[in-house]
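Chemist: generate a structure from the sequence data that follows.
(one chain, ligands or ions: 1)
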Amino acid sequence: TSVLSDRINAMQESQTIAMAKMARELAAQGVDVISLSFGEPDFQTPQYIKEAAKKALDDGFTFYTPVPGYLDLRQAICDKLQRDNNLAYKPENIVVSTGAKQSLANTVMSLVNEGDEVIVFAPYWVSYEEMVKLAGGKAVTLMGSLENDFKVTAQELEAAITPRTKLIMYSSPCNPTGSVFTREELAAIAEVVARYPQVHVLADEIYEYINFVGEHVSMAQFEEIKDRVITVNGFSKGYAMTGWRVGYLAASKEIACACEKMQSQITSGTCSIAQRAALAALQGGRTSADEMVEAYRRRRDLVLELVKDIPGFRTPTPSGAFYIFPDVTGYFGKTTPEGKTINSAYDLALYMLHDGHVAAVDGGAFGAPNCLRFSTAAADEKLREAFIRIKHSLAKLA
Ligand code: PLP
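Modeler: This is a model prediction of the structure:
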């Protein structure tokens, strides 16, 4: 028997973290490991945002903050949602949290009852399924097809809805696939959701600014379901602020209040200094993000070029975020020089780490065990070297 709760014992450890740990251990032994397993920008936070944080300290922002966030920050978030997303919200609809991750968790904990079904579009971001389990819900994963850039269609969604369906979760641009839903695709999904009044949508838009195709569409733009959509966004990706821990959600007043209540009992308001920095980030517009996006686009193009040289990697062209997510089933059944058989993407990831010293993440962590995720948020020379090594290692498989 365990002293730990059934709740924590039922929770899986993050597989992305497990792979990063193995890579670190190899590196500690002096091996030159290239890690493409991280889900974070390799850029520093822009200087004007850092200055705002220093000023916040000097100005005395050291006290508890309002649970849903400073009013001026929430107003700036409303202005951003109006400007970028054509969404009208008031500060009472906004809850600022310790990262988008907490915004997602607040929503799931506030909406999902024991036994409720949550449809999770797969490949999905690692934490969605565990959050649903923690809330006592049942995650129903719905896999998008490779042919449709891994995007779930409205028809596939409708077939998965049952009377117990409470919530749908997806990210667009998507981590891990980089897919971006078009307006038409989201409109069709919204039309389905409109017919099932008990169904809500959690739209994770954290990669909004890292988009190579142009238009970002928010699910909440579809007026007939707006009150049932919770939009989550944050500062980690677009403003390269992963360590600051600021995210937010926009929702109906009822749902926003529930999330505020949840947060008030667990963490209270987000760090005062980080909130002042986030306000400055928004006031600076999206110029700094646009500069970073140009680098991400260049690296995506570079990696797609390098991958063309690697037989058996089938990858759609990512429209956003900073990953590529090839299907690698072509390597299943092959044998390593040591005589081990590759039976899964996990086996392949381990082989690449030990033979080529390149760390990727097994797609199983995202509900897609036939794929590997490589981060493209790394310097060009590193990406070049990594894919040369991968090519060499894979060529040794028989
Ligand atoms: N949602 C997705 C799809 C992500 O990839 C991440 C971070 O990796 C998050 C949410 C969490 O972001 P934050 O750092 O704001 O908690």
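
Chemist: what residues are up against the closest residue to the ligand within the stretch 251-398 of the chain?
Modeler: Among the residues of the stretch 251-398 of the chain, Ala321 lies closest to the ligand, at 7.6 Å counting by Cβ to the nearest ligand atom. Every C-beta, even on glycine, is put in place using the N, C-alpha and C of the backbone. Applying Cβ atoms under 8 Å, 6 or more residues apart in numbering, we find Ala321 in contact with Pro173, Cys174, Asn175, Pro176, Thr177, Gly178, Tyr207, Ile210, Lys237.

Chemist: out of these, which is most surrounded?
Modeler: Thr177 (32 neighbours; other Cβ atoms under 10 Å).

Chemist: so where do the helices sit in this protein?
Modeler: Here the chain has its helices, by DSSP state H, at 6-9, 15-28, 47-58, 71-85, 100-111, 127-134, 154-160, 183-194, 253-266, 272-283, 287-308, 345-351, 380-395.

Chemist: what comes into contact with the fifth one?
Modeler: Right, the one you point to is helix 100-111. Outside helix 100-111, the residues that touch it by Cβ under 8 Å, 6+ apart are 95, 97, 118, 127-128, 131-132, 134-135, 137, 166-167, 169, 200, 202, 204, 206, 230, 232-234, 236, 247-249, 251, 255, 258-259, 261-263, 267.

Chemist: tell me which residues of it come out buried.
Modeler: Within helix 100-111, the residues that count as buried by 16 or more other Cβ atoms under 10 Å are Ala100, Lys101, Gln102, Ser103, Leu104, Ala105, Asn106, Thr107, Val108, Met109, Ser110, Leu111.

Chemist: go on, the shortest one?
Modeler: Of the residues in helix 6-9, none has enough neighbours to count as buried (16+ other Cβ under 10 Å).

Chemist: which outside residues touch that helix?
Modeler: With Cβ under 8 Å, 6+ apart as the test, helix 6-9 has contacts from Ser2, Leu134.

Chemist: cool, and the second one?
Modeler: Identification of contacts with helix 15-28 by Cβ under 8 Å, 6+ apart yields 33, 35, 37-39, 126, 349-350, 353-354, 357, 359-362, 364-365.

Chemist: could you pick out which of those residues are near the ligand?
Modeler: By Cβ under 6 Å from any ligand atom, the members of the contacts of helix 15-28 lying near the ligand are Gly39.

Chemist: for stretch 289-308, list the C-alpha coordinates in CSV.
Modeler: Extracted in CSV, the C-alpha atoms of stretch 289-308 (Å, rounded to 0.1, in the frame of the first residue of the first chain):
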residue,chain,number,x,y,z
ALA,A,289,6.8,38.5,-31.4
ASP,A,290,6.8,39.2,-35.1
GLU,A,291,10.6,39.3,-35.2
MET,A,292,10.8,36.0,-33.4
VAL,A,293,8.2,34.5,-35.8
GLU,A,294,10.5,35.3,-38.7
ALA,A,295,13.2,33.2,-37.1
TYR,A,296,10.8,30.3,-36.3
ARG,A,297,9.6,30.4,-39.9
ARG,A,298,13.2,30.3,-41.3
ARG,A,299,14.0,27.3,-39.0
ARG,A,300,10.9,25.5,-39.9
ASP,A,301,11.8,25.8,-43.6
LEU,A,302,15.4,24.7,-42.9
VAL,A,303,14.2,21.7,-40.9
LEU,A,304,11.7,20.7,-43.6
GLU,A,305,14.5,20.9,-46.1
LEU,A,306,16.8,18.7,-43.9
VAL,A,307,14.0,16.2,-43.3
LYS,A,308,13.5,15.8,-47.1
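
Chemist: does that stretch reach the ligand?
Modeler: No. Stretch 289-308 lies out of reach of the ligand by Cβ under 6 Å from any ligand atom, never closer than 14.0 Å.

Chemist: who in the stretch 51-200 of the chain is up against the ligand?
Modeler: Within the stretch 51-200 of the chain, the residues that sit near the ligand (Cβ under 6 Å from any ligand atom) are Gly99, Ala100, Lys101, Trp125, Ser171, Asn175.

Chemist: of all the residues you listed, which comes closest to Thr242?
Modeler: Using Cβ to Cβ, Gly99 is the member of those that lies nearest Thr242, at 8.4 Å.

Chemist: these two touch, right, the closest one and Tyr248?
Modeler: No. Applying Cβ atoms under 8 Å as the test, Gly99 and Tyr248 come out as separate, 9.7 Å apart.

Chemist: so who does Tyr323 touch?
Modeler: Gly39, Asn175, Pro176, Thr177, Gly178, Arg373, Phe374, Ser375, Thr376.

Chemist: quick one: least confident of the residues you listed?
Modeler: Lowest pLDDT among these: Gly39, with 83.

Chemist: contacts only, for the closest residue to the ligand within the stretch 1-150 of the chain.
Modeler: Proximity to the ligand, evaluated over the stretch 1-150 of the chain using Cβ to the nearest ligand atom, is greatest for Gly99 at 2.6 Å. Neighbouring residues of Gly99 by Cβ under 8 Å, 6+ apart: Gly234, Ser236, Arg245, Val246, Gly247.

Chemist: restrict these to those near the ligand?
Modeler: Applying Cβ under 6 Å from any ligand atom to the contacts of Gly99, those adjacent to the ligand are Gly234, Ser236, Gly247.

Chemist: sort out for me which of these are in strands.
Modeler: Judged by DSSP state E, the subset of those located in strands is Gly234, Gly247.
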